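>>> Sequence and predicted model, in that order:
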Amino acid sequence: MSLRIRTEGPALIIDFAGAVDQHAEERYLRHRDWRQGLGDGRRTLILNFSEMSFIHITGITMLVRLAQYGEEGQYQTFAYGLSEQYHKLFRLIGLTQHMMIYPDEYTLMRRLKSLEEIS
């Protein structure tokens, strides 16, 4: 499992690769208090699952927690690159109440750009 954190405009993007499990949180996500926000005035967290092979139940728990922290940290969470199977699972467990899911980065970034133009 590997994870890369990068920025793109006003967004913080987490690129997941391989299996998303408890190691994702232990190795990478504990270095920041996500409830305090994303830093640098960023209001958008994007989770990229396009290179992900598997999500373990502990990874699901971590993703739920991360998305919920967005409410406290005053940022919105988006995701893209999920297989249809995981998209259905995210809906079933209620994760889509905390994040909007898009098919790919291009579509998501266009949507964010249109939202910026409206505000």
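Nice, thanks for sending it over.

>>> Break down the protein into its helices, ranges please.
With DSSP state H applied, the chain shows helices at 22-27, 57-73, 84-92, 105-118, listed in chain order.

>>> And the ones you listed, which one averages the lowest pLDDT?
Set side by side, the helices of the chain differ in mean pLDDT, and helix 22-27 is lowest with a mean of 77.

>>> Not counting that one itself, show me its contacts.
Residues outside helix 22-27 that contact it (CB atoms under 8 Å, 6 or more residues apart in numbering): 1, 3, 16, 56, 58, 59, 62. Every residue, glycine included, has its C-beta placed from N, CA and C.

>>> which of those residues has the most neighbours?
Note: the member of those with the most neighbours is residue 16, at 24 neighbours, neighbours being other CB atoms under 10 Å.

>>> State the distance from that one to residue 26.
When distances are taken as CB to CB, to the nearest Å, residue 16 and residue 26 turn out to be 14 Å apart.

>>> Distance across stretch 17-25, terminal residue to terminal residue?
14 Å (CA to CA, to the nearest Å).

>>> what's the answer for stretch 33-41, then?
The stretch stretch 33-41 measures 15 Å between its terminal residues, going by CA to CA.

>>> Just give the strands next to the lengthiest strand in the chain in its sheet, each with its orientation.
Across the chain, the strand with the greatest residue count (assigned by DSSP state E) is strand 44-55. Partner strands and pairing direction for strand 44-55 (DSSP bridges) are strand 11-20 (parallel), strand 76-80 (parallel).

>>> Let's see that strand as CSV, backbone CA atoms only.
Taking only C-alpha atoms (Å, rounded to 0.1, in the frame of the first residue of the first chain), the coordinates of strand 44-55 have been written out as CSV:
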residue,chain,number,x,y,z
THR,A,44,-11.5,20.5,-0.5
LEU,A,45,-10.2,17.0,0.2
ILE,A,46,-10.1,14.7,-2.8
LEU,A,47,-9.6,10.9,-2.4
ASN,A,48,-8.2,9.3,-5.5
PHE,A,49,-8.9,5.5,-5.6
SER,A,50,-8.0,4.9,-9.3
GLU,A,51,-4.9,2.9,-8.4
MET,A,52,-6.4,1.2,-5.4
SER,A,53,-6.8,-2.6,-5.5
PHE,A,54,-8.7,-3.4,-2.3
ILE,A,55,-10.2,-1.7,0.7
